[in-house]
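>>> have a look; sequence and predicted model below, questions after that.
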Protein chains: 2
Amino acid sequence: MPRLTRDRISEIARKILTAAGTSEANAKVVADHLADANMTGHDSHGFIRIPQYVADIKAGRRDPRAVPVVASESRAVVRVDGHRSFGQVVAEFGTRQAIVRAQAHGVGLATMGSLGHVGRIGSYGEMAAREGFASIMFTGLLGDAMIVAPYGGSVPRMSTNPIAIAFPYKPDCPILLDFASSIGAEGKLRVYRARGHKLPDEWVLDSSGKPSRDPNDFYSGGAVLPLGGLHGGHKGYALAFVIAVLGGLVGEYGLPEPAPGEFTSGSTIIAIDVGALGSVDALKVKVGGLVEYVKDTPLMPGHSEILFPGEKEAKTRQQRLKEGVDIEPATWEQITALAAEYDLVLP
Amino acid sequence: MPRLTRDRISEIARKILTAAGTSEANAKVVADHLADANMTGHDSHGFIRIPQYVADIKAGRRDPRAVPVVASESRAVVRVDGHRSFGQVVAEFGTRQAIVRAQAHGVGLATMGSLGHVGRIGSYGEMAAREGFASIMFTGLLGDAMIVAPYGGSVPRMSTNPIAIAFPYKPDCPILLDFASSIGAEGKLRVYRARGHKLPDEWVLDSSGKPSRDPNDFYSGGAVLPLGGLHGGHKGYALAFVIAVLGGLVGEYGLPEPAPGEFTSGSTIIAIDVGALGSVDALKVKVGGLVEYVKDTPLMPGHSEILFPGEKEAKTRQQRLKEGVDIEPATWEQITALAAEYDLVLP
């Protein structure tokens, strides 16, 4: 099981994506995002995605040289057409657009359509926070990617539609909410299945719509429940629904619908100039006060610490930038096979 | 148990609030919001609040004649100082400000501080939607109103900090998410307790931090869990935290902190001109397509219908505008006592 540094992950990803036909500029953006996802502990959005992205290119589902463009603009609002480029390339471009509009207007908004998997959506909130902007991002998947049952339903009709909300706090560590509106990410179910464990609660439905703690039931034609689960799933479902509207429908508006077997990650990001809300330094001090107040909470048995949103990612990044990250053998085999296919010597 | 119409609720509220010293203009806004909360089925934010609001006035916690003002403005961003007025008065003013900025810039944002209980926060999303604006609103309570334990904590350090997201759909029925970031609203726990029922799951902690299904444990020095509960509460906690920042801290920035025993509902609303995102009519058609797709989902046993977010409120309103709403005897007694105190003849 090889242990890889951030630079090595990024370099391997860049080489393979370029060999598969990706432009140098796009490959660099995607490779850096994948490496950063691994560094923050979100391995499901990192190195493991390379084979899938290559497969997308080969199948013509992704245009690896495409550059996103501003399709239209109206004051503080920009609509971005991703031209079927990588999600990371389009979302970084869209985030930049929202920041520029927020610089001019105090608040700015960019919608994005026709784009691939955006990766870890919290990374765009981090990007905005580094420049002093708070942000809210919605990604609503449309097309063949439905795995979540609406509240009261027995089969999937929604995706895991994630939301990210960020607010500047410390350098390289904003306050950062970044979660799927389903009860658990698909990658998490995969881990329970691989380890032969039951789920912590009835998180899925089996193919007949019966609640279950067996992750295999999801993979045999079942569905994931929305955040809140059996008794409070109306909240997660409502969140998935509005993200489908504000991210998916709005982002894809005016663009061709995804072909069968494809999906697109319609997204919207709102950037807010924190300087328009008050003194940035004074607001960071207030946030620090809230962080301390909450971290000081007496613990529940079984817990060792109260984290503020984004703290786990920041701590993991600090550790992994030093120590690297272990890549599981199955993924490493796929990568070496791709390297052989493209006649590459991996770093 | 009297059954009251919308107009009668509004008129009784207006008379009592005015008698208690509220200006005519403020009383009308608050009374209409209370009546509308009852009509949409959110009784915990309706008629039942009148005695509390009168007590707030008597204790000097609320200035019933205060008018909110724009404390500062910067392009599409407005900061509103509520001057300790009613939450409904300040939030309606703030929503109007955000709409006006969105008309000019495509997107607009208003922060609000120094205000009382805002009532049903979905009502501001409905207000924006009626005029063609999507919106996102956060209300983060600061002060003595903590009832929610942070994820991993055994005592309360957060409030039920609600979020509302709305998008125009049908007249008087937008797509509307409106929920507390806790696993259940406090009013819901109150109902379980009154009926002597166990909670559907371990929704609360007892005073020693142990998870419990007994609602009494919450009222005996316990805490409510965040949305997601024991196994997924990190999501609800993250939501409560960012709402405390983006609503509470930002809204209250630069204003005096609430005195002991008081709280303030620092809020932020973002309004988005849907016309800047595309054709409003075409987008509504797309939303309608999503509504149909989701409502068509095969049902789980025990469920009779899939609702879209906001549909329950719209249906309840339609019914209650015709039939009125039953007011529980305890509340009615308090109201008649207040009427006697102020020598009022109730309509």
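Done, it's in. These numbers were taken from a predicted model, which means no experiment stands behind them.
>>> tell me the span between the first and last residue of stretch A:74-93.
For stretch A:74-93, the first and last residues are 17 Å from each other (CA to CA, to the nearest Å).
>>> and it, average pLDDT?
Averaging pLDDT along stretch A:74-93 gives 97.
>>> tell me if that stretch is near chain B.
Yes. Using CB under 8 Å from any CB of the partner chain, stretch A:74-93 reaches chain B at A:74-77, A:79. From N, CA and C alone the C-beta is placed, and that goes for glycine too.
>>> tell me which of the residues you listed fall in strands.
Those of the residues of stretch A:74-93 next to chain B mapping onto strands are A:74, A:77, A:79, per DSSP state E.
>>> filter these down to just the buried residues.
Neighbour-count burial (16 or more other CB atoms under 10 Å in any protein chain shown) applied to those gives A:77, A:79.
>>> identify the residue spatially nearest to the residue of chain A most remote from its centre, adjacent ones excluded.
Largest separation from the mean C-alpha position in chain A: residue A:298, at 31.8 Å (CA atoms, centre = their mean). Among residues not flanking residue A:298 along the chain, residue B:154 sits closest, at 5.0 Å (CB to CB, 6 or more residues apart in numbering or on different chains).
>>> that neighbour: how many residues sit nearby?
Number of residues near residue B:154 (other CB atoms under 10 Å in any protein chain shown) recorded here: 21.
>>> from what I can see it touches residue B:207, true?
No. Residue B:154 is not in contact with residue B:207 according to CB atoms under 8 Å; the separation is 9.0 Å.
>>> let me see the ranges of the helices in chain A.
Secondary structure of chain A (DSSP state H): helices located at A:6-19, A:24-39, A:50-58, A:87-105, A:122-130, A:186-195, A:215-219, A:229-243, A:250-252, A:280-295, A:311-323, A:329-341.
>>> and the third one, what other elements does it pack with?
Just to be clear, that refers to helix A:50-58. Judged by 3 or more CB pairs under 8 Å, 6 or more residues apart in numbering or on different chains; DSSP states H and E, helix A:50-58 is in contact with helix A:6-19, helix A:329-341.
>>> what angle sits between the last one and helix A:50-58?
Using axes from the mean of the first three to the mean of the last three CA atoms, to 10 degrees, the direction of helix A:329-341 lies 40 degrees away from that of helix A:50-58.
>>> kindly report the same for the longest one.
Computed by the same axes, to 10 degrees, the angle separating helix A:6-19 from helix A:50-58 equals 20 degrees.
>>> so which bits of helix A:6-19 are buried?
Buried residues in helix A:6-19, counting neighbours by 16+ other CB under 10 Å, are found at A:6, A:8-19.
>>> I'd say residue A:152 and residue B:306 touch.
Yes. At 5.1 Å, residue A:152 and residue B:306 qualify as touching, with contact defined as CB under 8 Å.
>>> who touches both of these two?
Shared contacts of residue A:152 and residue B:306 (CB atoms under 8 Å, 6 or more residues apart in numbering or on different chains): B:297, B:299.
>>> neighbour count winner among the two?
Higher neighbour count among residue A:152 and residue B:306: residue B:306, with 21 against 17, using other CB under 10 Å.
>>> contacts only, for that one.
By CB under 8 Å, 6+ apart, the contact list for residue B:306 reads A:150-153, B:294-297, B:299.
>>> tell me the domain ranges of chain A?
Domain ranges of chain A: A:1-65+A:309-347, A:67-183+A:225-275, A:282-308, per automatic domain parsing.
>>> check the offset of the first one from the chain's centre.
How far domain A:1-65+A:309-347 lies from its chain's middle: 15 Å, per CA atoms, centre = their mean, to the nearest Å.
>>> same question, the second one
Between the mean C-alpha location of domain A:67-183+A:225-275 and the chain-wide mean there is a distance of 9 Å, by CA atoms, centre = their mean.
>>> same list, the helices of chain A, but as TSV with distance to residue B:121 please.
As requested, the helices of chain A are exported to TSV (distance: least, CB to CB, whole Å):
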stretch	distance to residue B:121
helix A:6-19	42
helix A:24-39	34
helix A:50-58	40
helix A:87-105	24
helix A:122-130	23
helix A:186-195	31
helix A:215-219	34
helix A:229-243	13
helix A:250-252	22
helix A:280-295	21
helix A:311-323	28
helix A:329-341	45
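>>> what's the most buried one of those?
Each of those was scored by mean neighbour count; the highest is helix A:250-252, a mean of 29, by mean count of other CB atoms under 10 Å in any protein chain shown.
>>> that one near chain B at all?
Yes. Residues of helix A:250-252 contacting chain B under CB under 8 Å from any CB: residue A:250.
>>> dump the helices and strands packed on helix A:50-58 to CSV, plus mean pLDDT and distance to chain B.
Listed next are these as CSV, based on pLDDT from 0 to 100; distance: least, CB to the nearest CB, whole Å:
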stretch, mean pLDDT, distance to chain B
helix A:6-19, 98, 25
helix A:329-341, 95, 26
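>>> other residues contacting the worst-scoring helix or strand of chain A on mean pLDDT?
Least confident helix or strand of chain A, by mean pLDDT, DSSP states H and E, is strand A:142-143 with a mean of 78. By CB under 8 Å, 6+ apart, the residues outside strand A:142-143 that reach it are A:159, A:244, A:248-249, A:252, A:257-258, A:262-264, A:266.
>>> let's see 7 Å
Counting contacts by CB atoms under 7 Å, 6 or more residues apart in numbering or on different chains, the residues outside strand A:142-143 that touch it are A:248, A:252, A:258, A:262-264, A:266.
>>> kindly report the same for stretch A:150-162.
Here stretch A:150-162 makes contact (CB under 7 Å, 6+ apart) with A:121, A:139-141, A:145-149, A:178-182, A:185-186, A:205, A:209, A:223, A:226, A:233-234, A:237, A:240, A:243-244, A:247, B:293-294, B:297-300, B:303, B:305-306.
>>> what mean pLDDT does that stretch get?
Average pLDDT, stretch A:150-162: 96.
>>> check stretch A:35-53 too.
In this model, stretch A:35-53 has an average pLDDT of 94.
>>> now stretch A:256-269
Mean pLDDT, stretch A:256-269: 88.
>>> ok, stretch A:64-71 next?
98.
>>> just want the most central residue of chain A.
Nearest residue to the geometric centre of chain A (CA atoms, centre = their mean): residue A:120, 2.7 Å.
>>> please report how far that one lies from residue A:37.
Using CB to CB, to the nearest Å, residue A:120 is found at 5 Å from residue A:37.
>>> between these two, which contacts overlap?
Here residue A:120 and residue A:37 share the contacting residues residue A:45, scored by CB under 7 Å, 6+ apart.
>>> kindly report the residues of the stretch 101-250 of chain A close to chain B.
Residues of the stretch 101-250 of chain A lying close to chain B (CB under 7 Å from any CB of the partner chain) are A:105-107, A:109, A:111, A:134, A:136, A:150, A:152-155, A:157, A:165, A:167, A:175, A:177, A:179, A:183, A:200-201, A:209, A:227-228, A:231-232, A:235, A:238-239, A:241-242, A:244-246, A:249-250.
>>> contact partners for the closest residue to residue A:116 other than its chain neighbours?
Leaving out its chain neighbours, the residue that sits closest to residue A:116 by CB to CB, 6+ apart is residue A:87, at 4.3 Å. Residue A:87 makes contact with A:115-119, A:265 under the criterion CB under 7 Å, 6+ apart.
>>> next one: residue A:222
By CB under 7 Å, 6+ apart, residue A:222 lies in contact with A:204-207.
>>> same deal with residue A:214?
In this structure, residue A:214 makes contact with residue A:198, judged by CB under 7 Å, 6+ apart.
>>> where's it relative to residue A:207, distance?
Using CB to CB, we find residue A:214 at a distance of 12 Å from residue A:207.
>>> and if you look at residue A:331?
Taken as CB to CB, the span from residue A:331 to residue A:207 is 29 Å.
>>> quick check: residue A:169 touching residue A:284?
Yes. The criterion here is CB atoms under 7 Å, and residue A:169 meets it with residue A:284 at 6.0 Å.
>>> now, which of the contacts of residue A:222 sits nearest residue A:65?
Closest approach between the contacts of residue A:222 and residue A:65, by CB to CB: residue A:204, at 39.1 Å.
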